[in-house]
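J.: give me a model of this one.
(one chain, ligands or ions: 2)
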Amino acid sequence: MSISSGPHAVSLADLGWSAFFADQVGEGETGLLPARIATVHRSRIGAETALGQMRLILPSPMKTTDFAVGDWVLLGVGDATVVRRLDRRTLLLRRTEGARAQQLIAANVDTLFIVTSCNDDFNPARLERYLALSNEAGTRPVIVLTKADKVMDAASYQIEAAALQRDLAVVSLNAKSVEATAILSPWCGAGQTVALVGSSGVGKSTLLNTLTRKSDADAQATGGIREGDAKGRHTTTARSLHPIAGGGLVIDTPGMRTLHVSDVADGLDIVFAEITELAPRCRFRDCTHAHEPGCAVQFAIADGTLDPARLDRWRKLSDENRDNTPVVTGARGNKSTRSRRR
Ligand SMILES: Nc1nc2c(ncn2[C@@H]2O[C@H](COP(=O)(O)OP(=O)(O)OP(=O)(O)O)[C@@H](O)[C@H]2O)c(=O)[nH]1
Ligand SMILES: [Zn+2]
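T.: Numbering: from 1, shown residues only. Ligands and ions are numbered 1, 2, ... in the order given. Prediction:
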């Protein structure tokens, strides 16, 4: 699948280019070609440019693992060699089980579609993990409830999801229906980048097919080899960038079985704002909201304004985050938190 059907078929703006990136291009760099990374494999990287798709060349010591799908890079004059990567506006990171390093999920994503189904997959504690990840990355989270066509009470899932974070957008849909595209259109459109995350089987691939408006025949073909990509979509563990039929770009990510949190303290504060905001009213500044006298959080539990299950989940996630977060945090890329409250 190609974004461009010929030279100059897409503009940089269509690919998500904006002043944030343009401002980083130095005077001596105006001849360089901006490219947006569309696929990252162990040994090769593919990108979309205003001139079409390209396979990039990484000069040493650059490694494929230094790049995330969605990254912007500048290419050398007249060739596909990466000169440098531009600073990221947002960066989605995840910690893998047992691994110390954080894995890059996607860069420069505007909106994160956190996909879950109106069935047993629906799990508030897991959604809160994804919300913390999204807040920390600087992306706007939207909870997407799939398989709404299979239940009578999609609205009850929607209400429960909306309570997980203040002002949280929640939609329910049938991922197989074309109406899904219209329901998600507020976050799609020219220059917008969205990413799909969620457990295996919740309908991410189905939603991707619907958003990119693949015909049934095309969708079937993704089990095999894709043109210029040599990668079967459903068998992939990699991520890739695809054009949305009505404008914008979507990044799919493989199903995540477990999502560990680390280094997401700010992100958690946003998810659990109703708890975070009470803390300054506790008698003790270092109150753990567990057993201390004069605890504003425990008062809120007692008078029914705070859900005790939320407090339990907050505690579990905060503890996990603290245990996983190195005490001395060095530079971690150039993630910006600028856009966090957009
Ligand atoms: N009825 C209905 N079925 C759906 C919906 N979304 C997904 N499905 C079905 O659920 C199954 C799993 O969907 P996938 O799109 O493969 O799930 P996935 O999230 O991509 O899973 P991985 O590729 O393993 O990450 C498929 O049989 C879909 O047809 C929906 O909204 N309604
Ligand atoms: Zn307290």
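J.: surely residue 38 is in a helix?
T.: No. Using DSSP: H, G, I helix; E, B strand; the rest coil, the assignment for residue 38 is strand, not a helix.
J.: least confident secondary structure element in this structure?
T.: Within the chain, judged by mean pLDDT, DSSP states H and E, the helix or strand with the poorest mean is helix 216-221; its value is a mean of 49.
J.: list the contacts of residue 242.
T.: 1, 208, 211, 212, 249, 250, 251, 252 (Cβ atoms under 8 Å, 6 or more residues apart in numbering). Bear in mind the C-beta positions are built from the backbone N, C-alpha and C, glycine included.
J.: could I get the phi/psi values of it?
T.: Backbone torsions of residue 242, given as degrees, to the nearest 10, read phi -130, psi 150.
J.: that one and ligand 1, how far apart?
T.: Per Cβ to the nearest ligand atom, to the nearest Å, residue 242 is found 13 Å from ligand 1.
J.: then residue 175?
T.: The spacing between residue 175 and ligand 1, counted by Cβ to the nearest ligand atom, is 3 Å.
J.: wouldn't that residue be in contact with residue 146 here?
T.: Yes. The pair residue 175 / residue 146 is scored as a contact, 4.5 Å apart, by Cβ atoms under 8 Å.
J.: same drill for those two, tell me which one is more crowded.
T.: Using other Cβ atoms under 10 Å, the more surrounded residue of residue 175 and residue 146 is residue 146, with 27 against 23.
J.: once you drop chain neighbours, what's closest to residue 131?
T.: Spatial nearest neighbour of residue 131, chain neighbours left out: residue 271 (4.6 Å); criterion: Cβ to Cβ, 6 or more residues apart in numbering.
J.: ranges for the strands of the stretch 1-150 of the chain?
T.: 33-40, 45-49, 52-55, 72-75, 82-85, 91-95, 102-107, 111-117, 140-146 (DSSP state E, counting those that start in this stretch).
J.: and the first one with strand 102-107, angle?
T.: Going by axes from the mean of the first three to the mean of the last three Cα atoms, to 10 degrees, strand 33-40 is angled at 120 degrees with respect to strand 102-107.
J.: contacting residues around strand 33-40?
T.: Contacts of strand 33-40 (Cβ under 8 Å, 6+ apart): 3, 12, 15-17, 21, 25, 45-51, 53-54, 56, 64, 67-75, 77, 80, 82, 86, 107, 229, 231, 238-241.
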